[in-house]
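Asks: Pasting the sequence and the predicted coordinates here, then a few questions.
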Amino acid sequence: MLVPDQKVWLEVCGWKVPAGFASPAADHTRKRIDLNEHLIRNGDATFIFKVKGDSMIDAGIYDGDALLIDRSIEPRHGNIVLAVLNNDFTVKRLHKRGGVIKLVPENKIYPTITVKDGEDFDVWGVVTYNLHKLY
């Protein structure tokens, strides 16, 4: 899914929100922000993918979440990435050490995938944000 070009303006409060008691000044906002500017570094290379499955739940990524994927970021060891392995897309944590590439799930019931020589593998993009619905 492509990220739309239209601006999405939201009010931003001028203080940090405690996770305790509500602030009496909650109706006073400071400025407006555009979510595209806040969440997207390179619009032409950013895409949204919906998650299917539970292999990344310990990283806070759940079935049905929407991930922002940036193809312009160079994938590094430890990044959560959208990878393509033998024509199948998967979201995993990238492990690159000593010439060995592994795709590590963030759920103990799933095995780590070691990319073998000759397999068709590519990191499609780096996950930059998880749009997790709370209601």
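Replies: Received the coordinates, thanks.
Asks: Okay, helices next: where are they in this protein?
Replies: For the chain, the helices defined by DSSP state H cover 35-39.
Asks: For the closest residue to Pro105 other than its chain neighbours, list the residues it contacts.
Replies: Of all residues not flanking Pro105 in the chain, Ser55 sits nearest, at 4.1 Å (C-beta to C-beta, 6 or more residues apart in numbering). No exception for glycine: its C-beta is placed from N, CA and C like everyone else's. Ser55 makes contact with 90-92, 105-107, 110, according to C-beta atoms under 8 Å, 6 or more residues apart in numbering.
Asks: In strands, which of the residues you listed fall?
Replies: 90-92 (DSSP state E).
Asks: Which member of these is positioned nearest Gly125?
Replies: Closest approach between the ones in strands among the contacts of Ser55 and Gly125, by C-beta to C-beta: Val91, at 10.2 Å.
Asks: what's around that closest one, how many residues?
Replies: When neighbours are counted by other C-beta atoms under 10 Å, Val91 registers 25.
Asks: Neighbours of Tyr135, how many?
Replies: The number of residues packed near Tyr135 is 2, by other C-beta under 10 Å.
Asks: could you check the distance from it over to Lys50?
Replies: In this view, Tyr135 and Lys50 are 17 Å apart by C-beta to C-beta, to the nearest Å.
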